[in-house]
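Participant: Sequence first, predicted model second:
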Amino acid sequence: MTDDIAAELDSFREGLFHAFNQGDLRAMLEKYCHKDVIATWQDGTTSKGYDGVLAEFDKLSTFIKKMLVQPTTDMR
């Protein structure tokens, strides 16, 4: 992997996690995900598109008050 590609991946990861931590999930999805995104959750359910993913985050927010992620890996 070239240094340019590694830097681009690092920037993508950091931007994605920063957007998530800011809580603006729609903006995060619109910037970093395809409009037809399919998310598979830990319980095996799937969500399709921005609205489907946002609906799942709404469900999670009923019992998780704040979700934060920290990009700590350098593994690609």
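Facilitator: The structure has been received and is ready for your questions.
Participant: Show me the strands in this protein, by range?
Facilitator: 38-40, 46-48 (DSSP state E).
Participant: neighbouring contacts of the lowest-mean-pLDDT helix or strand in the chain?
Facilitator: Sorting the helices and strands of the chain by mean pLDDT, DSSP states H and E puts helix 3-22 at the bottom, at a mean of 91. Under the criterion Cβ atoms under 8 Å, 6 or more residues apart in numbering, residues A27, M28, K31, Y32, M67, L68, V69, Q70, P71, R76 lie in contact with helix 3-22. In short, each C-beta sits where N, CA and C put it, glycine included.
Participant: contacting residues for the fifth one?
Facilitator: By Cβ under 8 Å, 6+ apart, the residues touching M67 are F20, L60.
Participant: how much space between D43 and R26?
Facilitator: D43 is 23 Å from R26, where distance means Cβ to Cβ, to the nearest Å.
Participant: Of the two, give the one with the bigger neighbour count.
Facilitator: R26 (13 against 5; other Cβ atoms under 10 Å).
Participant: Just to check, that one is in contact with Y50?
Facilitator: Yes. Look at R26 against Y50 with Cβ atoms under 8 Å: they come within range, at 6.5 Å.
Participant: Just the CA coordinates for stretch 53-63, please, in CSV.
Facilitator: Presented in CSV, the C-alpha positions along stretch 53-63 are these (Å, rounded to 0.1, in the frame of the first residue of the first chain):
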residue,chain,number,x,y,z
VAL,A,53,-30.0,2.9,9.0
LEU,A,54,-31.3,6.0,10.7
ALA,A,55,-34.3,4.1,11.9
GLU,A,56,-32.1,1.5,13.5
PHE,A,57,-30.0,4.2,15.2
ASP,A,58,-33.3,5.6,16.5
LYS,A,59,-34.1,2.2,18.1
LEU,A,60,-30.7,2.0,19.7
SER,A,61,-31.1,5.5,21.1
THR,A,62,-34.0,4.4,23.2
PHE,A,63,-31.6,2.5,25.5
